[in-house]
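Q: dropping a prediction and its sequence here:
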Amino acid sequence: GNATAVKQSRYRIIIQDAANGGQPCPDTLYEERECEDIPICPVYRWKTHQWSHCVLVPDSVRQGVLGHSEACGHGLQSRAVTCLSEHNDSADVGDCMRWAGPMPSLVQECLVPCRDDCTFTPWSKFTACSFDCESTRSRRRSLTGRSRKRDKCQNTEVYPQVETELCPCEVFTSQPHGNWSDCIVGGGTSEPQLGTRSHRDAKECGEGVRLRAIACYDKTGRLVEPSRCSSSGYIEESCTVPCPFDCKLSDWSSWSPCSSSCGPGVKVRSKWLKEKPYNGGRPCPKLDLKNQVYEAVPCYTECNQYSWVVEPWSPCKINSKQNSLHCGEGTQTRKVRCVSTAEDHGGETVPSALCNQAEIPDIMQKCSLYCPSECAVSDWGQWSKCPQVCDPTIMQTRTRQVLRSSVNTKPCPEDSQMKPCILNQNCFQYQYNLTGWSGCQLGANATCGHGERHRLLSCQRSDGATVSTQLCQRLRLEKPVQTSSRCVVGCAVDCRLSAWSAWSQCSHTCGAGGQMVRGRSVVLQAAGEGRPCPEQLTQHRSCPLKPCYSWLLGPWSPCRVQGGQCGDGLQVRNLTCVVHDASVSVTSKPVENALCGELPSKESVLQLPCSVPCPGDCHLTEWSEWSSCELTCINGRSFETTGRQSRSRAFIVQSPENQESCSGQEMETRPCSGRGKCYDYLWKTSLWRDNVRTVWCQRSDGINVTGGCALRTKPAEVRHCSPACRKPFSYCTQRGVCGCERGYTEIMRSNGFLDYCMKVPGLEDKKADVKTIAGKNKPVNSKMHDIFKGWSIQPFNPGEKLK
């Protein structure tokens with residue numbers, strides 16, 4: 001091709017590092033260069049020429065054929081095919097055969113109609129069949145040319161112009177598959193159009209459908225396309241998504257009277273619950289135990305609206321009836337009533353509860369009628385006023401006059417009284433007081449938004465009693481400024497959702513377990529007492545069960561040897577196209593091969609050479625599986641684009657004398673593409689046991705392998721004592737030092753090494769010779785050491801028989 005900047009590379013790896021002054025390794029381990037110009041592939045094409053006229057069968061052959069005297073009937077026609085170069089020059093046919101693909105056909109059949117033949121247009125296609133088993137299909141043709149005027153051609157029994165036949169009849173059965181979908185309101189089986197609908201158009205509740213996928217089977221029980229059983233691939237069932245209902249409260253009641261008859265109070269109105277919310281409707285505000293919600297606002301009642309009115313005192317009633325002079329101590333009473341001081345109802349008596357109960361005047365008092373000889377005094381006058389700032393050192397006074405002096409020596413009673421001005425007893429201070437803010441008051445028909453809140457001004461006495469504001473005004477006290485302010489009542493915002501998305505593609509292209517999903521998102525979160533967002537933001541439905549087609553390889557047959565009991569033969573296996581639903585308990589049924597499409601490339605080996613060993617033959621086992629793809633790496637990095645993989649096999653020899661004659665490869669490698677991997681190889685060892693351990697090579701993915709690890713770094717498999725244990729009756733212990741066999745004790749040198757083994761007295765068997773004792777007493781360790789010293793895999797017994 002005409003690709004640019006194509007490069008080629010090569011590398012080498014260090015097999016052995018330099019040591020002991022040897023020649024050092026070069027620095028360059030990788031080289032790269034641009035490729036030489038690659039020749040562009042030549043372009044050739046076939047050119048076809050016009051077909052010749054129809055050449056008929058020779059006359060001698062056509063004797064006895066209808067209309068043989070005229071030149072008509074079946075024949076052949078030919079055409080020339082030439083090869084052209086890229087520049088439309090004539091070229092050699094061999095070039096086109098190589099570069100332009102197969103040659104177009106040179107000859108084809110043709111027909112010359114006879115004079116007496118009826119000629120027709122080609123048959124039309126058959127009409128479509130319905131799913132009904134008793135339906136028919138038909139096709140048509142028409143007469144052409146002179147045939148239209150010939151009577152014999154009009155005979156439809158001999159020359160039919162319409163053909164009718166029964167439709168191929170297939171019986172299918174459906175079975176429900178998977179669970180019912182969620183209840184879908186709008187957008188059921190029909191797919192929604194692209195683009196999103198506005199929120200108002202999206203229907204959220206009411207009548208809907210729920211769907212259940214079907215699996216469709218033919219009369220042999222094979223899975224087929226679901227459209228054969230149902231156009232949608234679903235069973236539908238009506239369902240209902242309950243609509244949400246909001247909390248319903250009554251209208252506001254009328255305001256109650258002001259709670260205070262003097263100064264600030266509250267007036268209240270209420271709503272009560274008519275209907276609870278359900279199915280995610282707008283929630284109720286906080287209700288009390290009576291299922292009511294209240295609104296309270298401050299109110300003010302003027303304190304001098306109602307006042308106590310007293311009638312004159314009754315005459316003084318002397319207590320003692322025996323008193324003939326009718327003088328001395330007694331009591332008198334008067335009537336007290338509460339009257340309205342309002343302009344329109346002035347002086348009208350009202351219930352006593354409306355007047356200030358703390359200031360109710362006395363209705364009874366002591367009195368005295370002075371006897372003729374006694375001193376007579378007038379009633380007490382008013383108390384003098386205390387100053388505005390109460391001071392206990394300042395006195396309040398009142399006086400009365402002596403009307404007549406006493407005749408006898410008894411003195412007159414006191415004519416003046418004093419008491420100090422004490423705060424909250426007979427002296428008071430006053431200040432303006434503000435009530436708390438009312439709730440936010442909105443316009444007449446408003447339910448949320450901007451409003452106003454109020455608080456009221458009252459005059460408060462220092463003992464806490466509320467009095468007429470005129471008292472504070474007379475004292476010209478400073479008024480607090482703000483008695484109203486702007487406020488906002490948050491509007492209840494219902495949750496708003498987007499329209500449902502279109503249904504997704506099925507999660508599986510075929511088989512069971514496929515799901516389609518659609519979703520919606522929250523466009524606006526609920527606020528205040530708005531309708532909350534629903535929990536369900538996605539809906540799922542099962543996909544119609546489409547059949548899965550795949551190639552199924554049968555087992556290999558035994559090795560079949562043609563015309564004999566042993567030797568080379570063939571083993572075969574079948575490749576079948578099967579239909580299944582991809583479930584765990586998959587039951588496959590064979591179908592036409594065309595449904596599976598192309599043959600699987602790597603598994604298309606349907607026959608293999610094999611051999612049955614004859615007596616005395618050498619025989620190879622089957623090849624192992626190919627190993628994984630591996631690259632040659634330097635420090636974990638590879639410069640290769642293709643890796644290698646290998647496989648191996650073993651020899652089985654019937655008789656040992658034929659071992660030398662066995663030929664054939666025991667191991668082979670091949671290049672592999674794809675994801676080749678870099679591996680590290682490390683020696684692994686087991687724990688020492690009797691001075692012996694197992695050593696093996698492990699690849700970095702955890703697989704134990706043969707080869708791969710450098711032999712020069714292989715750890716020792718047998719542990720030897722140094723210096724070696726050459727003294728009589730000594731052996732190498734597990735600690736790696738020389739010890740003595742059983743029945744002998746170690747005599748050590750000053751440097752810690754064994755000097756010699758001394759026999760322990762009393763253990764000698766008199767009848768046995770030394771050899772036997774040594775053999776009997778020699779511990780297992782020593783024997784194990786001898787066995788493992790030259791240990792290797794020996795496939796043959798001493799008698800030359802295969803183990």
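A: Okay, I see it. Numbering: from 1, shown residues only.
Q: stretch 129-138: how far from the chain's middle?
A: The chain centre lies 48 Å from the centre of stretch 129-138; the measure is C-alpha atoms, centre = their mean, to the nearest Å.
Q: brain fart, stretch 430-442
A: 55 Å.
Q: ok, now stretch 432-444?
A: Centre-to-centre, stretch 432-444 and its host chain are 51 Å apart (C-alpha atoms, centre = their mean).
Q: give the buried residues for that stretch.
A: Neighbour counts using 16 or more other C-beta atoms under 10 Å place Asn433, Leu434, Thr435, Trp437, Ser438, Cys440, Leu442 of stretch 432-444 among the buried residues. In short, each C-beta sits where N, CA and C put it, glycine included.
Q: which single one of these is nearest to Glu157?
A: Leu442 (94.8 Å; C-beta to C-beta).
Q: tell me the contacts of the closest one?
A: Leu442 sits next to Cys448, Gly449, His450, Gly451, Val489 when contact means C-beta atoms under 8 Å, 6 or more residues apart in numbering.
Q: buried ones among the residues you listed?
A: Among these, the ones that count as buried by 16+ other C-beta under 10 Å are Val489.
Q: can you redo the contacts of Leu442 as a markdown table with distance to Thr164, secondary structure and pLDDT?
A: Output for the contacts of Leu442, formatted as a markdown table (distance: C-beta to C-beta, whole Å; DSSP: H, G, I helix; E, B strand; the rest coil; pLDDT from 0 to 100):
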| residue | distance to Thr164 | secondary structure | pLDDT |
| --- | --- | --- | --- |
| Cys448 | 76 | coil | 84 |
| Gly449 | 78 | strand | 85 |
| His450 | 83 | strand | 88 |
| Gly451 | 84 | strand | 88 |
| Val489 | 80 | strand | 84 |
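Q: nearest to Pro413 among the contacts of Leu442?
A: Within those, proximity to Pro413 (C-beta to C-beta) peaks at Gly451, which comes in at 66.2 Å.
Q: between the contacts of Leu442, which sits nearest Glu625?
A: Nearest to Glu625 among those, with distances taken as C-beta to C-beta, is Cys448, at 75.6 Å.
Q: quick check: phi and psi at that closest one.
A: According to degrees, to the nearest 10, the main-chain angles of Cys448 amount to phi -160, psi 170.
Q: swap in Leu575?
A: With angles defined as degrees, to the nearest 10, Leu575 sits at phi -120, psi 120.
Q: does it touch Val605 like I think?
A: No: between Leu575 and Val605 there is no contact under C-beta atoms under 8 Å: 9.6 Å.
Q: the buried residues of stretch 432-444 in helices, which ones?
A: Here DSSP state H is the test, and the buried residues of stretch 432-444 give no hits in helices at all.
Q: now the residues you listed as JSON lines including distance to Ile214?
A: Conversion of those to JSON lines gives the following (distance: C-beta to C-beta, whole Å):
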{"residue": "Asn433", "distance to Ile214": "80"}
{"residue": "Leu434", "distance to Ile214": "76"}
{"residue": "Thr435", "distance to Ile214": "73"}
{"residue": "Trp437", "distance to Ile214": "67"}
{"residue": "Ser438", "distance to Ile214": "66"}
{"residue": "Cys440", "distance to Ile214": "60"}
{"residue": "Leu442", "distance to Ile214": "58"}
